[in-house]
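1. Give me the fold of what follows.
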Amino acid sequence: MKLYAATSNRGKLAEFLNAAPDGIDIVGVRGLEPPKETGETFEENARLKAVYYSERVEGLVFAEDSGLEVEALGGAPGVYSARFAGPHATDAENNRKLVASLEGIDNRRARYVCVVALAAKGEVLATFRGEVAGEIVDDARGTGGFGYDPHFYYAPFRATFAEVPLTRKLQVSHRNRAAHQLFAWLKNRFQVR
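-> Numbers count the residues shown, from 1 in each chain. Just a heads-up that it's a prediction; the model follows:
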């Protein structure tokens, strides 16, 4: 079964490719201008992207929206995770703003959230949500991963997501949890082997 992934983020695409079971071939959607992400929640953004791309690509399309929610910041950066420090911010700039925002705050609880929406012909067929809880550390640790991974400490690993191999991160990541729900739904619905 061919499944189109509506993301231009190489890190995200790599995680979905690694999580995909045999029988599901993921192909990145290319050459389309992305829609504006105007939703106020991860689900709203995932749905609007899935609908947009499924109206332009023949077949099943999934889109996701994901990010970091920090308890002490009222859930920020949330849907603004990729642009927390500005519209064209780099991961490093976003991370600097995150750490600065938490200066002097003891509560470092945070969670990564991912919502995946599956659509065809402009209609959302299902949505799937994955979360993983951790805490934010001031000093960047590790060189793997992307986004906030160097500052996202996951206690069961005793490491940040950037300090562990991708295969280990995928065992527990928010994106992996949402992806597994998606793949299970597809296998059940379409009898993918």
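2. For the rest of this, base every contact and every neighbour count on C-alpha atoms.
-> OK.
3. buried set for the worst-scoring helix or strand of the chain on mean pLDDT?
-> The least trusted helix or strand in the chain, going by mean pLDDT, DSSP states H and E, turns out to be helix 10-19, with a mean of 85. Burial within helix 10-19, assessed by neighbour count using 16 or more other CA atoms under 10 Å, is assigned to K12, L13, E15, F16, L17, A19.
4. Could you export these as JSON lines, including distance to A46?
-> Output for the buried residues of helix 10-19, formatted as JSON lines (distance: CA to CA, whole Å):
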{"residue": "K12", "distance to A46": "14"}
{"residue": "L13", "distance to A46": "15"}
{"residue": "E15", "distance to A46": "17"}
{"residue": "F16", "distance to A46": "15"}
{"residue": "L17", "distance to A46": "18"}
{"residue": "A19", "distance to A46": "19"}
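5. quick check: longest strand of this structure.
-> The longest strand of the chain (DSSP state E) is strand 123-136.
6. Show me what the helix or strand just after that one is packed up against.
-> Beyond strand 123-136 on the C-terminal side, the first helix or strand identified by DSSP states H and E is strand 152-154. The contact analysis (3 or more CA pairs under 8 Å, 6 or more residues apart in numbering; DSSP states H and E) places strand 152-154 against strand 123-136, strand 159-160.
7. hey, which of the ones you listed is tucked in deepest?
-> Mean neighbour count (mean count of other CA atoms under 10 Å) peaks for strand 159-160 among those, with a mean of 21.
8. what about that strand, distance to the chain center?
-> Distance, stretch centre to chain centre, for strand 159-160: 18 Å (CA atoms, centre = their mean, to the nearest Å).
9. Quick check: next helix or strand after it?
-> helix 166-170.
10. count of neighbours near the residue lying closest to R30 once chain neighbours are set aside?
-> Distance criterion CA to CA, 6 or more residues apart in numbering; nearest residue to R30, sequence neighbours excluded, is S8 at 7.8 Å. By other CA atoms under 10 Å, the residues close to S8 number 14.
11. how far away is S8 from K97?
-> Counting by CA to CA, to the nearest Å, the separation of S8 from K97 is 24 Å.
12. for the longest strand of the chain, packing partners?
-> Packing contacts for strand 123-136, counted by 3+ CA pairs under 8 Å, 6+ apart, involve helix 42-54, strand 109-120, strand 152-154, helix 174-190.
13. Low-confidence bits of this structure, can you list those?
-> Within the chain, the stretches with pLDDT under 70 are 191-193.
14. who are the neighbours in contact with T127?
-> E43, R47, V115, V116, A117, L118, L182 (CA atoms under 8 Å, 6 or more residues apart in numbering).
15. so the spatially most central residue of the chain bridges to which residues?
-> By CA atoms, centre = their mean, the chain has its centre lying nearest to S66, at 3.7 Å. For S66, the beta-bridge partners are C114 (DSSP bridges).
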